[in-house]
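J.: make a model of this:
(one chain, ligands or ions: 1)
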Amino acid sequence: MTKTYDVAVVGATGLVGETLLTLLAERNFPVGQVYALASENSFGKELECGRKTLDVEELAEFDFSKVHLAFFAVDAALAAEYVPLATQAGCTVIDNSTHYRNNVEIPLVIPAINPEALAGYKNKNIIASPGSSTIQLALALKPILNVAKLMRIQILACEAVSGAGRRAVDELAGQTASLLSGRPVESKVFEKQIAFNLLPQVGDLIEQGHTQQEMSLLKEIRRVLAQPNLPLSPTVIRAPVFFGTVLEMYFETEIQLPLTQLESVLENAKGLEVFAKHGDYPTPVVEAANHDPVYVGRIRADLTQPNGHHLWLVSDNVRGAALNSVQIAELLVQTGLK
Ligand SMILES: NC(=O)c1ccc[n+]([C@@H]2O[C@H](COP(=O)([O-])OP(=O)(O)OC[C@H]3O[C@@H](n4cnc5c(N)ncnc54)[C@H](OP(=O)(O)O)[C@@H]3O)[C@@H](O)[C@H]2O)c1
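T.: Now for the predicted structure:
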């Protein structure tokens, strides 16, 4: 008989939490009991996990000794408060928040990139899952790094509003409806109107005009790729798209990489799907939403730099985050989660 694992999803009513429940069922993760946890406001709501109907329970009242594994999909402050309670109760935690991503005692894992890092999880029984732009970028950079040294990388990450959670999705929907009906808009989640607009700053400014989101992306990607000096310069903006983040990436390699070789390297890479044939291109809404791969399009040589290339990378940010967490859990099971 297949061994099963009792699991809690913390933040189950949120965007990532709900997608975690969907993916656990879709990927036939060997779950026994599943507990859906959220705030007291959601107590008594019902959620689906495959054929199971779950009553949402309150996080503050939950006894983590009932589960082997907990997926955390709440903000960093709640993760800081409740993850230690979960591990003290003997449970292993996969955390989606930013809280543990820069803690050297806790592995930051993308199973397709650095599965070997998982070995360190027994220190604290916690594994951190990176942000979705990091996952998307790492999946594209790793195969290129396997064939050439990278001298320079510049990205423009256009992050979807869902990256800021369900309230942000509601704000874009509400503002769009208001503006189309000629009514004024109010901004609560974002600093300025997001509907029919673009915001050039995601997160607070922290270092010489760079934002928290940009610096986190830089730190996370260097950690996951084990490239402490990776020459990446990121700009992160917020686009009025519900689901699906786009990265326009420019990079220069030390040696000249013929376009055909680059295409073949990307075609054979884990987690990527090249979508550049016949002049077609991937978009967040039509291709990426509700799909697993990071789609790659617009693969082209730079007009001025002989070793420079451009890529257009598109992925469902919420599904990408949840998928990475479930893949970490699958790896834990393969390597002997008790
Ligand atoms: N969205 C993305 O693309 C993405 C990607 C990678 C990582 N992440 C990270 O994943 C985490 C979740 O993001 P999300 O987008 O899913 O957020 P979200 O849609 O805003 O969901 C937040 C969840 O937290 C719960 N929550 C809030 N206050 C709580 C409390 N006091 N006690 C218990 N539960 C509480 C909410 O429950 P109620 O419904 O009851 O309020 C909800 O289930 C965040 O750390 C985020 O940074 C998100």
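
J.: so for stretch 201-212, mean pLDDT?
T.: Model confidence over stretch 201-212, given as mean pLDDT, is 93.

J.: and stretch 299-315, by the same measure?
T.: 97.

J.: pull out the buried residues from that stretch.
T.: Within stretch 299-315, the residues that count as buried by 16 or more other C-beta atoms under 10 Å are I299, A301, N307, G308, H309, L311, W312, L313, V314, S315. Where C-beta positions appear, they are placed from N, C-alpha and C, glycine not excepted.

J.: mind checking how far that stretch is from the chain centre?
T.: Per C-alpha atoms, centre = their mean, to the nearest Å, the displacement of stretch 299-315 from the mean C-alpha position of its chain is 23 Å.

J.: pull up the distance across that stretch, start to finish.
T.: End-to-end span of stretch 299-315 (C-alpha to C-alpha, to the nearest Å): 16 Å.

J.: repeat that for stretch 263-279.
T.: 14 Å.

J.: touching that stretch from outside, list them.
T.: Applying C-beta atoms under 8 Å, 6 or more residues apart in numbering, the set of residues contacting stretch 263-279 from outside is 112, 139-140, 142-144, 146-147, 257, 281-282, 287, 292-299, 311.

J.: among these, which lie within helices?
T.: In this view, these that belong to helices under DSSP state H are L139, A140, K142, P143, I144.

J.: skipping adjacent residues, who's closest to the third one in space?
T.: In space, K142 comes closest to I113 once its chain neighbours are excluded; the distance is 5.2 Å by C-beta to C-beta, 6 or more residues apart in numbering.

J.: who's in contact with that neighbour?
T.: Listed by C-beta under 8 Å, 6+ apart, the contact partners of I113 are A138, L139, K142, V224, L225.

J.: and which of those residues is nearest E330?
T.: When the contacts of I113 are compared for distance to E330, the smallest value, 16.7 Å, is given by L139; criterion: C-beta to C-beta.

J.: just to revisit the earlier point, give me the buried entries from the contacts of stretch 263-279.
T.: For those, buried by 16+ other C-beta under 10 Å: 112, 139-140, 142-144, 257, 282, 287, 292-297, 299, 311.

J.: so is the helix or strand containing I135 next to the ligand?
T.: When elements are assigned from DSSP states H and E, I135 belongs to helix 132-145. Yes - Helix 132-145 lies within reach of the ligand by C-beta under 6 Å from any ligand atom, at S132.

J.: tell me the helix or strand right after that helix.
T.: The element immediately downstream of helix 132-145 (helix or strand, assigned by DSSP H and E) is strand 150-159.

J.: next, count neighbours for Q261.
T.: The burial metric for Q261, expressed as a neighbour count using other C-beta atoms under 10 Å, is 12.

J.: in space, what's closest to it - neighbours in sequence excluded?
T.: What sits nearest to Q261 in space, not counting adjacent residues and going by C-beta to C-beta, 6+ apart, is V147, at 7.3 Å.

J.: contacting residues for the one you found?
T.: In this structure, V147 makes contact with L257, Q261, V265, judged by C-beta under 8 Å, 6+ apart.

J.: roughly how far does the residue nearest to the first one when sequence neighbours are not counted sit from T253?
T.: For L257, ignoring the flanking residues on the chain, the nearest one in space by C-beta to C-beta, 6+ apart is A148 at 5.5 Å. Using C-beta to C-beta, to the nearest Å, one obtains 4 Å as the distance from A148 to T253.

J.: pretty sure V34 is in a strand, no?
T.: Yes - V34: assigned to a strand according to DSSP: H, G, I helix; E, B strand; the rest coil.

J.: okay, and the beta partners of it?
T.: Beta-bridge partners recorded for V34 (DSSP bridges): V7.

J.: now do the contacts for L172.
T.: V161, I194, A195, P240, F242.

J.: and it, helix, strand or coil?
T.: Reducing the assignment at L172 to three states with three-state DSSP gives helix.
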